[in-house]
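Enquirer: Below: sequence and its predicted model.
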2 protein chains.
Amino acid sequence: MTEPTFAQTGADLLVQSLLSQGVDTCFANPGTSEMHMVAALDRHPGVRSILALFEGVATGAADGYARMSGKPAATLLHLGPGLANGIANLHNARKAATPVLNIVGDHATHHLEYDAPLTSDLDGLARTVSHWLGRALSADEVAARTAEAVAATRGGPGRIATLVMPADAAWSAPSPGAVAAPAPRVAAEQPVDEDRIRAAAALLRRHGAAGMLMLGGATLNAEGIRLAAAIARSLQCRMAGQSSNSRMQRGPGIPRVARVPYPIDQALAFMQGVRALVRIGAPTPVAFFAYPGKPSMLVEDGCEVLDPVPEGTHPLAALKALAAFLDVDESDAPDQPRQRPERPQGALAHQTVAEAIASTLPDHAIVVDEAVTTGRLQTYEACVAVGPHDWINNMGGSIGYGLPVALGASIACPERRVLALVGDGSAFYTSQALWTMAREGCDVTVVIYANRSYAILQGEWKNMGAGEAGRSARDLLRLDRPDPDWVAIARGHGVPALRVDDAEGLCTALERSYATSGPMLIEAWLD
Amino acid sequence: MTEPTFAQTGADLLVQSLLSQGVDTCFANPGTSEMHMVAALDRHPGVRSILALFEGVATGAADGYARMSGKPAATLLHLGPGLANGIANLHNARKAATPVLNIVGDHATHHLEYDAPLTSDLDGLARTVSHWLGRALSADEVAARTAEAVAATRGGPGRIATLVMPADAAWSAPSPGAVAAPAPRVAAEQPVDEDRIRAAAALLRRHGAAGMLMLGGATLNAEGIRLAAAIARSLQCRMAGQSSNSRMQRGPGIPRVARVPYPIDQALAFMQGVRALVRIGAPTPVAFFAYPGKPSMLVEDGCEVLDPVPEGTHPLAALKALAAFLDVDESDAPDQPRQRPERPQGALAHQTVAEAIASTLPDHAIVVDEAVTTGRLQTYEACVAVGPHDWINNMGGSIGYGLPVALGASIACPERRVLALVGDGSAFYTSQALWTMAREGCDVTVVIYANRSYAILQGEWKNMGAGEAGRSARDLLRLDRPDPDWVAIARGHGVPALRVDDAEGLCTALERSYATSGPMLIEAWLD
């Protein structure tokens, strides 16, 4: 139980209730309507406030923070337009099933009817991305609404909750005796469904090599991957991961998880011949985009799909039950010895970039992968067992997630090195994250894949059968004229930076950044 | 009439229909689902495509383009998250009554059910900011939907229309004989309401010096301001403008328009004693934010408010009718001789910055004002009659509008110099606009007011009565630790830049930028 404390304003109740619910980190981009919340954060230093210079940085950082800490951070945003700027990364968090609590300041309740400049359809915006939406209509409602909001983030694997705080609810004094919300009770987990577990085992057993066990979500830690690999070995079926995953533990002793490739033809080839799919914590794989004459579903017609995880059951519990039913445990997984490639030499290309990263990656690194084109799978494969690390993907497809998620991961795990692999096109969307990394002294190494191009779109242009690209189309797919200078951009944001143009230079720069506390940006100049 | 043309795909019909409806400029940040539209833009060079590296740049540029050209530009955005990134500046455009046509690519119709990563509540997002929302369900629907969308942008003073283009509607061939939409018919304007005009004249006459004629929207060109000043002189009432305006023509021969100040106490003082308000093209003024113990409405209790402009009537037509009724014309306006302050010397402060800008402003400049704190009104006042120019404000209050609007204004008026006055806090939201200015060789001079602070919030902190700011609050209101380096950021985006720290340096830098084609950024370093 939290001790009842005198609360000066509704904003104090908000911050005290965040603390009592276990939320102690707030990524903020406040404005006038949030001034009393800023003041309350000042009075209750138990919540750490971190300034973002753009709202998409705040929401993406909350995503990265929760992926690594397992608990939600708050964002503090300024009315409808502030929330709008954060929606793309909330979309990504939602698709990754990350818990995020948005606190959005609004005009004072009595001010809304006047349609002041910043009045907008705030609720409509919030609804598009929030599993839960609430509004504190007075200071007295703040504690209960805050507790509901935090609880909502913890419903299911991880959800988005948006609490609207009108300025008058924040600045008003609550009734005498109003206290922060009590600490939450932990909800009991649903038991696994033993019938479905048996059915999953039977299905995979029947199909053997034509069966696939697909992992997602919370199954992708060391224990889950080892159990799945043991199950796959026992049943002689395949084990795979989704194209993108919220967080995957990797390293020596953790079997390799093959992921469904992104390019449509490779994805179809990957799924070819799969006649039975048991998915645990993962949806049935679908094409990222539709393409003329190509299917949306990646599983073949007639493939039997089974999801043994009922709503409310932890997917790792289901996986454990499946292993127990099959009488295998982690020790039955194939071994994955530590392996590290040689330091590469020569020009920067997909493979040499991958080897440079793998040959230097420090133990316990957190890799945030937004390398949209360059070395997308090569780097993932090359790093498989270099040392213990986590691998983080974008699950919502909205680019600009990498730098903010890296920032949030570093705030959650200050003792670990974060390596953000970001395409130059992607990095532009939320480059403001660099400044917060500098301010907070985050140990983040950013590698910018500088190909001056939306290279992925050049591939998609072909996949779409859009014909020959002329001058106008080339201009829309390339970031040259002028070439961005990421060293200058980083320095402008207070982050030391350097450019490299060969594999040896990349290795040396990476090592230098790992040996230096605080952020560093490496622009890998690709031809 | 447009000649029927063979169309290969729905996307070709889209682009041809844009052209037939008079839309010839597209600010684009495309992705895979827009590849066929990129291809069609390539085949029809009559539509100029301009790449933005972030969607808020595209929507803000469309706003600035339409404010100066009087016609809508298109944006080309990538699904729901791409639209979300553009919403803050669409909000600003909406509040400024700017016509904007958003074309948002979506997944192919048959792909939506699979909840692929980029699937989101696109329609819900679009509804929050669009006056019109439509979807082309097939290639055959494209021409009609495009014509409806463009017509919708022209309903009223200027509106936001969002046309969703599923990828299959874009890539499919339309039925034989499908043609682009025919050129639109121009809708007749509603006549003015003579009764209301007479009532407005009588009201202002009755109240004399306690009467105020408030201008907004399309009344703020040279003719409208002169007519209003003539009316005010004739009736001995006050003339004023809103706090923020979409576009105001200014210069010698155009009387000064006093604007309602932003700070709440100054705004209340400005409106004090006004007993009758006739507003033409402007809403009744309200406080930007609510503050404890202060009113939301800026007009006093009992002030009579009259809007003589019925829906569908052009406000300038109403103003002309009022002048005609009172038997005054532009020649009855007080004279406004050309006046230019001396070049200032000494430290950079609100007044010296204003004088530096006013003493050097070139004729026909377009000033985009996002100087949130520094010299907000001083610069406006100092420039009043230095030479003919236009003054553009943010009407929606979502910061990050300045650089994109300046970009769009420059694309609309390539023969004019654009001067963007931007606070350093604001500039971070959409700094990517700098790159497009460089690519397109825009004659934009950017002045960054580098006070390393959300200075406006420090004032708001006091207005809100939030108490003493401690360490955490100070950190949320200041952009120091580290100090941003805007010279580096600009160069990183391909824009030449320099820093100045006194008034003489600012004058010299401004003159140098005006004498140099292409963009230049000047970081005005404030203490």
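Expert: Alright, I've got the coordinates.

Enquirer: Now do the strands in the stretch 351-500 of chain A.
Expert: A:365-370, A:389-393, A:418-423, A:444-450, A:497-500 (DSSP state E, counting those that start in this stretch).

Enquirer: Tell me which residues of the helix or strand of chain A with the lowest mean pLDDT come out buried.
Expert: In chain A, no helix or strand scores lower on mean pLDDT, DSSP states H and E than helix A:455-463, which sits at a mean of 87. For helix A:455-463, the neighbour count (16 or more other C-beta atoms under 10 Å in any protein chain shown) marks A:Ala455, A:Ile456, A:Leu457, A:Gln458, A:Glu460, A:Trp461, A:Asn463 as buried. (Each C-beta comes from the backbone N, C-alpha and C, glycine too.)

Enquirer: by how many degrees do it and strand A:418-423 diverge?
Expert: Relative orientation of helix A:455-463 versus strand A:418-423 (axes from the mean of the first three to the mean of the last three C-alpha atoms, to 10 degrees): 40 degrees.

Enquirer: from the chain's centre, how far out does helix A:455-463 sit?
Expert: 24 Å (C-alpha atoms, centre = their mean, to the nearest Å).

Enquirer: Output the contacting helices and strands for it.
Expert: helix A:471-477, helix B:35-43 (3 or more C-beta pairs under 8 Å, 6 or more residues apart in numbering or on different chains; DSSP states H and E).

Enquirer: Quick one: the helices in the stretch 201-350 of chain A, in order.
Expert: Taking DSSP state H, counting those that start in this stretch, the helices of the stretch 201-350 of chain A run over residues A:222-235, A:264-271, A:315-325, A:350-360.

Enquirer: Any buried residues in the last one, and which?
Expert: Counting neighbours by 16+ other C-beta under 10 Å, one finds that the buried residues in helix A:350-360 are A:His350, A:Gln351, A:Thr352, A:Val353, A:Ala354, A:Glu355, A:Ala356, A:Ile357, A:Ala358, A:Ser359, A:Thr360.

Enquirer: what residues are up against the fourth one?
Expert: Meaning A:Val353. A:Thr374, A:Gly375, A:Gln378, A:Thr379, A:Tyr449, A:Ala503, A:Leu506, A:Ala524 (C-beta atoms under 8 Å, 6 or more residues apart in numbering or on different chains).

Enquirer: Spell out for me the PyMOL command that would select the buried members of those residues.
Expert: Listed next is the PyMOL selection for buried residues among the contacts of A:Val353, using 16+ other C-beta under 10 Å:
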select buried, chain A and resi 374+375+378+379+449+503+506+524
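
Enquirer: quick check, nearest of the contacts of A:Val353 to A:Ile197?
Expert: Set against A:Ile197, the nearest of the contacts of A:Val353 by C-beta to C-beta is A:Thr379 (35.4 Å).

Enquirer: excluding its backbone neighbours, what's nearest the closest one?
Expert: Spatially, and ignoring its direct neighbours in sequence, A:Thr379 is nearest to A:Ala354 (4.1 Å; C-beta to C-beta, 6 or more residues apart in numbering or on different chains).

Enquirer: Next up, the contacts around that neighbour.
Expert: Applying C-beta under 8 Å, 6+ apart, the residues contacting A:Ala354 are A:Gly375, A:Gln378, A:Thr379, A:Glu381, A:Ala382, A:Cys383.

Enquirer: The last one and A:Ile254 touch, don't they?
Expert: Just to be clear, that refers to A:Cys383. No: using C-beta atoms under 8 Å, A:Cys383 makes no contact with A:Ile254, being 11.6 Å away.

Enquirer: Which among the helices of the stretch 201-350 of chain A is found nearest to A:Arg43?
Expert: Once the helices of the stretch 201-350 of chain A are compared by C-beta to C-beta, helix A:315-325 is nearest, at 39.6 Å.

Enquirer: Report the lowest-confidence entry in the contacts of A:Val353.
Expert: Among the contacts of A:Val353, A:Gly375 carries the lowest pLDDT, at 70.

Enquirer: quick one: that one from chain B, how far?
Expert: 20 Å (C-beta to the nearest C-beta, to the nearest Å).

Enquirer: now do A:Arg256
Expert: 23 Å.

Enquirer: With adjacent residues omitted, what lies nearest to that residue?
Expert: A:Arg256's closest residue in space is A:Val384 (C-beta to C-beta, 6+ apart), at 4.9 Å.

Enquirer: now do A:Arg340
Expert: A:Val386 (4.6 Å).

Enquirer: list the contacts for the one you found?
Expert: A:Gly251, A:Arg338, A:Gln339, A:Arg340, A:Pro341, A:Ala358, A:Ser359, A:Leu361.

Enquirer: sorry, back to before: from the buried residues of helix A:455-463, which single one is nearest chain B?
Expert: A:Glu460 (4.2 Å; C-beta to the nearest C-beta).

Enquirer: Got the confidence number for the residue lying closest to the closest one once chain neighbours are set aside?
Expert: Among residues not flanking A:Glu460 along the chain, B:Thr32 sits closest, at 4.2 Å (C-beta to C-beta, 6+ apart). We have a pLDDT of 94 for B:Thr32.

Enquirer: circling back: a markdown table please, covering the strands of the stretch 351-500 of chain A and showing distance to B:Tyr514.
Expert: Output for these, formatted as a markdown table (distance: least, C-beta to C-beta, whole Å):
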| stretch | distance to B:Tyr514 |
| --- | --- |
| strand A:365-370 | 40 |
| strand A:389-393 | 48 |
| strand A:418-423 | 37 |
| strand A:444-450 | 33 |
| strand A:497-500 | 32 |
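
Enquirer: Using JSON lines, lay out those together with distance to chain B.
Expert: What follows is the strands of the stretch 351-500 of chain A, written out as JSON lines (distance: least, C-beta to the nearest C-beta, whole Å):
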{"stretch": "strand A:365-370", "distance to chain B": "13"}
{"stretch": "strand A:389-393", "distance to chain B": "10"}
{"stretch": "strand A:418-423", "distance to chain B": "12"}
{"stretch": "strand A:444-450", "distance to chain B": "11"}
{"stretch": "strand A:497-500", "distance to chain B": "10"}
